[in-house]
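**Q** following is a predicted model, sequence given first.
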Amino acid sequence: RSSFVTGVQTCALPISVESPTDQDLWGVWGAAPDDVWAVGGTARRPGGVQIVIHFVGERWSRVETPTQQRENVFAYIKVWGSGADDVYVVGDAGIVLHWDGATFEELFVGATDDLVAVWGHGPDFVVAVGGRGNGIVSFWNGETWRSEIVSPLPGLNGVWMRSPDEVHIAGLRGTLAVFDPETFTFEEPPITTALDYHALHGNGSTLYAVGGNLTFPAEPVGVAFLRDLEAPE
């Protein structure tokens, strides 16, 4: 079953906490309620500074990252980890950082275009996606990284997996696909919208994709999509 979801739902207002940065924040992930990461930066704007902040115990603080070996990294975009000592940050110009529990290290995964999302299924199975014109996928199998353009898919904005055999990706122009990182092939169902998907997640039985288009048509339009997932074998 696949369907679109629209409507407005009320909820309790969030509690504001003090932030150590005035930069835009684009991604958040936590290993525990008292161990949460957020990343961001003002992408492609003068004055933009890539930023990583860490919530430990009761407050957020900025975390130093290594001096980058590549140019034009104005923002980190997403963060994910398999545990407190295994955290990945991705962003502009194919940047990938890895946190080992003590420090960040810049990794060179073979991507040169922006990486927009990252998710994994343990420390030995991590997928990052991105691209602005054509989609790009970077895959860590526990030993090596492999990065390739996955044309004809357009730029990709979201990745989520229930298992290593079921990697879901989403992106521009209504792109939804199931990707196989071992072969770098994908299965793409019929496209049901021309709007861009910006994020993708699941809960084990349902897949959700959300997005919209802020530039066309003139009035901003949002889209939310859900699909029931088959029970795993």
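**A** Alright, I've got the coordinates.
**Q** what about the residue lying closest to residue 145 once chain neighbours are set aside, neighbour count?
**A** Nearest residue to residue 145 in three dimensions, chain neighbours excluded: residue 109, at 3.9 Å (C-beta to C-beta, 6 or more residues apart in numbering). From N, CA and C alone the C-beta is placed, and that goes for glycine too. A total of 20 residues lie near residue 109 under the criterion other C-beta atoms under 10 Å.
**Q** for residue 109, which residues are in contact?
**A** Residues near residue 109 by C-beta atoms under 8 Å, 6 or more residues apart in numbering: 94, 96, 128, 138, 140, 145, 147.
**Q** from those, which land in strands?
**A** In this view, the contacts of residue 109 that belong to strands under DSSP state E are 96, 128, 138, 140, 145, 147.
**Q** tell me the two of the contacts of residue 109 that are most distant?
**A** 94 and 140 (13.7 Å; C-beta to C-beta).
**Q** before we move on, back to that, out of the ones in strands among the contacts of residue 109, who's nearest residue 28?
**A** Ranked by distance to residue 28 (C-beta to C-beta), the ones in strands among the contacts of residue 109 are led by residue 128 at 16.4 Å.
**Q** isn't that closest one up against residue 138?
**A** Yes. At 4.4 Å, residue 128 counts as touching residue 138 under the criterion of C-beta atoms under 8 Å.
**Q** more crowded one of these two?
**A** residue 128 (30 against 23).
**Q** roughly how far apart are the more buried one and residue 60?
**A** 24 Å (C-beta to C-beta, to the nearest Å).
**Q** how about residue 183?
**A** The gap separating residue 183 from residue 60 is 41 Å, by C-beta to C-beta.
**Q** do residue 187 as well
**A** For residue 187, the distance to residue 60 equals 40 Å [C-beta to C-beta].
**Q** neighbour count: these two, which is higher?
**A** Legend: neighbour count by other C-beta under 10 Å for residue 187 and residue 60, higher for residue 60 (17 against 8).
**Q** sec struct for that one, please.
**A** Put simply, residue 60 is strand when judged by DSSP: H, G, I helix; E, B strand; the rest coil.
**Q** can we start the residue count at 10 from this point?
**A** Done: numbering now begins at 10, and the last item shifts to residue 69.
**Q** contacts only, for it.
**A** Residues near residue 69 by C-beta under 8 Å, 6+ apart: 26-29, 47, 62-63.
**Q** any of the residues you listed buried? List them.
**A** Neighbour-count burial (16 or more other C-beta atoms under 10 Å) is assigned, among the contacts of residue 69, to 47, 62-63.
**Q** apart from its neighbours in sequence, what residue is nearest residue 216?
**A** Spatially, and ignoring its direct neighbours in sequence, residue 216 is nearest to residue 236 (4.6 Å; C-beta to C-beta, 6+ apart).
**Q** now render the buried ones among the contacts of residue 69 as JSON lines, adding pLDDT, secondary structure and distance to residue 92.
**A** Formatted as JSON lines, the buried ones among the contacts of residue 69 follow (pLDDT from 0 to 100; DSSP: H, G, I helix; E, B strand; the rest coil; distance: C-beta to C-beta, whole Å):
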{"residue": "47", "pLDDT": "98", "secondary structure": "strand", "distance to residue 92": "18"}
{"residue": "62", "pLDDT": "98", "secondary structure": "strand", "distance to residue 92": "19"}
{"residue": "63", "pLDDT": "98", "secondary structure": "strand", "distance to residue 92": "15"}
